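# Structure for the following, please:
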Amino acid sequence: MDYGHPLRFGTFITPSNDDPQGPVELARLSEELGYDLVTFQDHPYQPRFLDTWTLLSYVAARTERIHVSANVINVPMRPAPVLARAAANLDLLSDG
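Predicted coordinates:
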């Protein structure tokens, strides 16, 4: 089925905080290897994980062309208007 957009490939990186630069380096490697997208799960109650929105912003600043996204968003802990504003700001700051 054709959905009218190109097929993109990406990576799912666990935002583990035991080595805070680890997920960032994996995102940079994903970009180097030619992937289109890097994603992180959002579980703000999980103390072993970095905060997803902070990580997305940091990865966007440390990469040049790869797209970033949360692949799980905890809507009860991130109200829709706040989440929409965060996503819109990240889009503006990272130039898409």
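# can we go C-alpha only for contacts and neighbour counts from here?
Will do.
# number of nearby residues for Ala87?
By other Cα atoms under 10 Å, the residues close to Ala87 number 17.
# who touches it in this structure?
Counting by Cα atoms under 8 Å, 6 or more residues apart in numbering, Ala87 makes contact with nothing.
# pretty sure Ile13 contacts Thr39?
Yes: with contact defined as Cα atoms under 8 Å, Ile13 reaches Thr39; the gap is 6.1 Å.
# Which of those two has more residues huddled nearby?
Thr39 (20 against 17).
# my read: the more buried one touches Pro23, true?
No: contact criterion Cα under 8 Å: Thr39 and Pro23 do not qualify, at 10.1 Å.
# quick one: common contacting residues for the two?
Ile13.
# residues touching Asn9, list them.
No, residue 9 isn't Asn; it's Phe. Contacts for Phe9 were tallied using Cα under 8 Å, 6+ apart; they are Tyr35, Asp36, Leu37.
# State the pLDDT value of Pro76.
The per-residue pLDDT reported for Pro76 equals 86.
# burial of it, as a residue count?
Pro76: 7 neighbours (other Cα under 10 Å).
# Then it would be within a helix, right?
Yes: using DSSP: H, G, I helix; E, B strand; the rest coil, the assignment for Pro76 is a helix.
# still on that earlier bit, closest one of the contacts of Phe9 to Tyr58?
Tyr58 lies nearest to Leu37 out of the contacts of Phe9, by Cα to Cα, at 14.8 Å.
# hang on, isn't that closest one packed against Asn71?
No: using Cα under 8 Å, Leu37 is not in contact with Asn71; the gap is 10.7 Å.
# More neighbours: those two, which one.
Leu37 (18 against 14).
# Quick check: phi and psi at the more buried one.
The phi and psi values for Leu37, taken as degrees, to the nearest 10, are phi -150, psi 140.
# Please list all residues in contact with it.
Arg8, Phe9, Gly10, Thr11, Ser30, Glu31, Ile66, His67, Val68, Ser69.
# So among those, which ones count as buried?
Of the members of the contacts of Leu37, the ones counted as buried by neighbours, 16 or more other Cα atoms under 10 Å, are Gly10, Thr11, Ser30, Glu31, Ile66, His67, Val68, Ser69.
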